[in-house]
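Undergrad: sequence first, predicted coordinates after that:
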Amino acid sequence: MIEKLILIRHGETVHNVERIAQGWNDSALSPRGEQQVAALARRVAAMDVDAIYSSTLNRALSTARAIANLTNHEITTLDDLREMNYGGWEGQSFLDVRKNDEETYRRWIDDGDVPCPNGESHNDVRRRIEAAVATMDGRNVVAVSHGTAIRIAATALLQLPISAARHFAQDNASVNIFMRRGDHFVLKLWNDTSHCP
């Protein structure tokens, strides 16, 4: 049973710098992202970690590999840890999405069941993140995922409404720690990037 869940966002990517919605598309880590990941891996290696899980998207896997190299743990990949599928919005900046598809964007923000065009809703992501956590095995578990997915994961782990996700910041290469208290999790650390150069 998981006692400590360490959720980690991947390092900065080229598309992050350009503020482009990546979703299920991918982008290489930026030079800054590579530095972030090296520092992050050193930090996580100092923790007592039993298992490493990662999204199947390369930006998350690159981050997980750096951690695995220092902890000597295998990586278990889970599709359910992937970022939200932004569908037709992928490859665009969110500024452009808000401007060009304002009505759909507003409904997507306001209603957890409204999907992106040809993509996922917030509740779709919440269901698969819950499924991912349910399959994880270990006492102190690292899971490398993505910004929106982690913000949604926080609502699931803390039993909050899905709308709360938009009130959580989530920076690249951040560490988020949830501790088990009986039959539920409590938030111990959120969006910590103090290890980053």
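TA: That came through fine. Numbering: from 1, shown residues only.

Undergrad: kindly export the helix-or-strand element of the chain with minimal mean pLDDT (C-alpha atoms) in CSV.
TA: Here the helix or strand of the chain ranked lowest by mean pLDDT, DSSP states H and E is helix 14-17, holding a mean of 87. C-alpha atoms of helix 14-17 as CSV (Å, rounded to 0.1, in the frame of the first residue of the first chain):
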residue,chain,number,x,y,z
VAL,A,14,10.7,23.4,-26.0
HIS,A,15,6.9,23.6,-26.3
ASN,A,16,6.6,24.7,-22.6
VAL,A,17,8.9,27.7,-23.4
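
Undergrad: just how off-centre is it within its chain?
TA: 15 Å (CA atoms, centre = their mean, to the nearest Å).

Undergrad: CA atoms only: put stretch 92-99 into CSV for me.
TA: C-alpha atoms of stretch 92-99 as CSV (Å, rounded to 0.1, in the frame of the first residue of the first chain):
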residue,chain,number,x,y,z
GLN,A,92,-1.6,25.7,-30.4
SER,A,93,-1.0,28.2,-27.6
PHE,A,94,-3.7,28.5,-25.0
LEU,A,95,-3.8,32.2,-25.7
ASP,A,96,-4.9,31.4,-29.2
VAL,A,97,-7.3,28.7,-28.1
ARG,A,98,-9.0,31.2,-25.7
LYS,A,99,-9.2,33.7,-28.5
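
Undergrad: what's the mean pLDDT across that stretch?
TA: For stretch 92-99, mean pLDDT is 89.

Undergrad: report the buried residues of that stretch.
TA: By 16 or more other CB atoms under 10 Å, the buried positions in stretch 92-99 come out as Q92, V97. For the C-beta atoms, the positions are set from N, CA and C on the backbone; glycine is no exception.

Undergrad: helices or strands up against the least confident helix or strand of the chain?
TA: Judged by 3 or more CB pairs under 8 Å, 6 or more residues apart in numbering; DSSP states H and E, helix 14-17 is in contact with no other helix or strand.

Undergrad: report the buried residues of that helix.
TA: H15, N16.

Undergrad: what does that helix contact?
TA: Q22, N25, S27, A28, L29, S30, R32, G33, N172 (CB atoms under 8 Å, 6 or more residues apart in numbering).

Undergrad: who's in contact with the last one?
TA: I take that to be N172. Contacts were defined as CB under 8 Å, 6+ apart; by that measure N172 touches R9, H10, G11, E12, T13, N16, G33, Q36, G147, T193.

Undergrad: if we use 7 Å, what do you get?
TA: The contact partners of N172, by CB atoms under 7 Å, 6 or more residues apart in numbering, come to R9, H10, G11, E12, N16, G33, Q36.

Undergrad: circling back to that earlier point, just the buried subset of the contacts of helix 14-17, please.
TA: Applying 16+ other CB under 10 Å to these flags Q22, S27, L29, S30, R32, G33, N172 as buried.

Undergrad: and after the least confident helix or strand of the chain, which helix or strand comes next?
TA: helix 31-45 (DSSP states H and E).

Undergrad: all good on my end, thank you.
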